[in-house]
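Trainee: For reference, the sequence and a predicted model appear below.
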Amino acid sequence: MVADIDGFLPDSAFLLDVPASDWKDAIRQAGKGLVAAGFTTDAYTDQMIETVEKLGPYIVIAPGLALAHSRPSDAVLKTGLSWVRLTKPVEFGNKANDPVSLVIGLAGHDENEHIAVMSAIAGALIDPKKTAALADAPTPEAIRAILKG
């Protein structure tokens, strides 16, 4: 699945070195990337924020990393990812893994695609060397190359 990352993570889905005032703004940035790439409508961004409001900051899955997502819905046009690197980390309220500087938006068109893409991206991010390299990667091409490697 990671080999197919290009289709799930096009250049239009990247927002590199952008500011966010708080966790909601960080998720809105991830939503902008999903909308810009044609993966979701704006309604999905609201659904991602509502998910954190209801379930807490469980989306902060590793130190400095949030995987923003919600359940598959009509607001998901097709499966894809967005990639947001913040200029300044923000707090999500996850004591173990705050503050967050990388927010990956995940939109799954259905349960199977949602889980497949989530597994692929999580597998790539488990490696601390890759995570460190991703923090400094200058371009979408460089980030995709690290994820595939």
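Mentor: Great, that's in hand.
Trainee: contacts and neighbour counts: CA atoms only from here.
Mentor: Noted.
Trainee: roughly how far apart are the most centrally placed residue in the chain and Pro138?
Mentor: Geometric centre of the chain, nearest residue: Ile104, 1.0 Å, by C-alpha atoms, centre = their mean. Plainly put, Ile104 is 16 Å away from Pro138 if you go by C-alpha to C-alpha, to the nearest Å.
Trainee: After the helix or strand hosting Ala43, which helix or strand is next?
Mentor: Per DSSP states H and E, Ala43 falls inside helix 42-55. The element immediately downstream of helix 42-55 (helix or strand, assigned by DSSP H and E) is strand 60-62.
Trainee: That next one packs against which elements?
Mentor: Packing contacts for strand 60-62, counted by 3 or more C-alpha pairs under 8 Å, 6 or more residues apart in numbering; DSSP states H and E, involve strand 65-69.
Trainee: OK, contacts around Leu67?
Mentor: Applying C-alpha atoms under 8 Å, 6 or more residues apart in numbering to Leu67 gives the contacts Ile59, Val60, Ile61, Val103, Ile104, Gly105, Leu106.
Trainee: any idea which helix or strand comes after the one helix or strand the fifth one maps to?
Mentor: What that stands for is Ile104. In this structure, Ile104 sits in strand 100-107 according to DSSP H and E. Counting by DSSP H and E, the next helix or strand C-terminal to strand 100-107 is helix 111-125.
Trainee: Tell me what angle that following helix forms with strand 100-107.
Mentor: 150 degrees (axes from the mean of the first three to the mean of the last three C-alpha atoms, to 10 degrees).
Trainee: Now helix 111-125: buried residues?
Mentor: Across helix 111-125, burial judged by 16 or more other C-alpha atoms under 10 Å covers Glu113, His114, Val117, Met118, Ala120, Ile121, Ala124, Leu125.
Trainee: And the second one, how far from Lys78?
Mentor: Right, His114. Counting by C-alpha to C-alpha, the gap from His114 to Lys78 is 10 Å.
Trainee: Next, show the common contact partners of the two.
Mentor: Common neighbours of His114 and Lys78 (C-alpha under 8 Å, 6+ apart) are Ala107, Gly108.
Trainee: where in this protein is pLDDT low?
Mentor: Low-confidence segments of the chain, defined by pLDDT under 70: 1-4, 6.
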